[in-house]
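Engineer: all I have is the shape, not the residue letters:
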């Protein structure tokens, strides 16, 4: 009420939204998957500005984290930032903030590794700057010669992104530091394939590194061509090729229509929009779906055909003698 009277309804609504997220942080059980929790935060935030405030707040917490005396608490906050808020910033296209959140967390969680990589990066940086510029120039010259109009962005790798790659690919720092990444954005799909052909004709493609997500997109709908080639300087270059629409989508794929509900123990279950407790029961386990006779939503007795809303806490009531009903089929949204 005080905030409302001092700053008006709109600000009060935003503050309320941010507070709600904090409540969710405390109710989502430790067993609920991180990715689901991120999506839950996205879905429960009606106004994108709520997320901006939450991320800004978290960034400020991370910038001042060394003031927290307890090591365990610093590590818990850094871990949560790394798992939830950095990827959230990434989903929202806030890459600079994502990088800073990851870096600040990395410093708390594994400072030795970070220092090692920074020394290594500084060594290459001195001779990499010119390399970066000459490569960008070379790429744009090749495309101009072929009358292709493109936007070219080079990607500097951060200490954490290098560390993640070392962990994931089980390789040494030496093998990774010479990789430079470029993203090429074009107008049409035809131009994407044409550009790919031009690069593969000019340079050797590194086997196993070519992925065509345009003809077979990832499950979340992401489309792009990924390839790595050995450039003129005999160094590997990573290249992503996509249209402007694909790029927009890759940056904004968070607005898919989902609802997120809780089990009584606090696990998050992700369902499509307009799903019912029947969908929920089957998402938990086929056996629970098959034996469902009723449900409680947020503590109140409800119909199995009820439409679920974001943040609902659902308790399915089962009976050994029950079996699935044909009447369920028209009201369900999932295939299980």
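Structural biologist: Perfect, thanks for sending it. Source: prediction; values computed, not measured. Numbering: from 1, shown residues only.

Engineer: poorly predicted segments of this structure, please.
Structural biologist: 27-33, 124-129, 174-179, 219-220, 253-256 (pLDDT under 70).

Engineer: for whichever helix or strand residue 183 is part of, packing partners?
Structural biologist: Secondary structure from DSSP states H and E places residue 183 in strand 180-186. Here strand 180-186 touches helix 111-145, strand 151-155, helix 189-202, strand 236-243, helix 244-251, going by 3 or more Cβ pairs under 8 Å, 6 or more residues apart in numbering; DSSP states H and E. Where C-beta positions appear, they are placed from N, C-alpha and C, glycine not excepted.

Engineer: same list (these) but as TSV, adding mean neighbour count and distance to residue 286.
Structural biologist: Below are those laid out as TSV (neighbours: other Cβ atoms under 10 Å; distance: least, Cβ to Cβ, whole Å):
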stretch	mean neighbour count	distance to residue 286
helix 111-145	14	43
strand 151-155	14	44
helix 189-202	16	40
strand 236-243	21	39
helix 244-251	16	33
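
Engineer: could you export those to CSV, including columns for distance to residue 20?
Structural biologist: Shown next, in CSV, are the helices and strands packed on strand 180-186 (distance: least, Cβ to Cβ, whole Å):
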stretch, distance to residue 20
helix 111-145, 34
strand 151-155, 35
helix 189-202, 41
strand 236-243, 35
helix 244-251, 25
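
Engineer: what about those, which gets the closest to residue 162?
Structural biologist: Nearest to residue 162 among these is helix 111-145; the distance by Cβ to Cβ comes to 5.4 Å.

Engineer: about what we covered before: so what strands line up beside the strand holding residue 183?
Structural biologist: Here strand 180-186 is paired, per DSSP bridges, with strand 151-155 (antiparallel), strand 236-243 (parallel).

Engineer: check the offset of that strand from the chain's centre.
Structural biologist: 20 Å (Cα atoms, centre = their mean, to the nearest Å).

Engineer: just the buried positions in that strand, please.
Structural biologist: Neighbour counts using 16 or more other Cβ atoms under 10 Å place 180, 181, 182, 183, 184, 185, 186 of strand 180-186 among the buried residues.

Engineer: can you pull out the strands in this protein?
Structural biologist: Counting by DSSP state E, the chain has strands at residues 151-155, 180-186, 204-205, 211-212, 225-230, 236-243, 258-262, 268-272, 292-297, 300-302, 314-318.

Engineer: now render those strands as CSV, adding distance to residue 132.
Structural biologist: Shown next, in CSV, are the strands of the chain (distance: least, Cβ to Cβ, whole Å):
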stretch, distance to residue 132
strand 151-155, 6
strand 180-186, 6
strand 204-205, 21
strand 211-212, 24
strand 225-230, 16
strand 236-243, 10
strand 258-262, 39
strand 268-272, 40
strand 292-297, 55
strand 300-302, 59
strand 314-318, 52
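
Engineer: which among those strands is found nearest to residue 121?
Structural biologist: Here strand 180-186 is closest among these (Cβ to Cβ), at 12.5 Å.

Engineer: now that closest one against helix 189-202, angle please.
Structural biologist: 140 degrees (axes from the mean of the first three to the mean of the last three Cα atoms, to 10 degrees).

Engineer: list the contacts of strand 180-186.
Structural biologist: For strand 180-186, contacts defined as Cβ atoms under 8 Å, 6 or more residues apart in numbering pick out 128, 131-132, 135-136, 139, 143, 148-155, 157, 192, 195, 235-244, 247.
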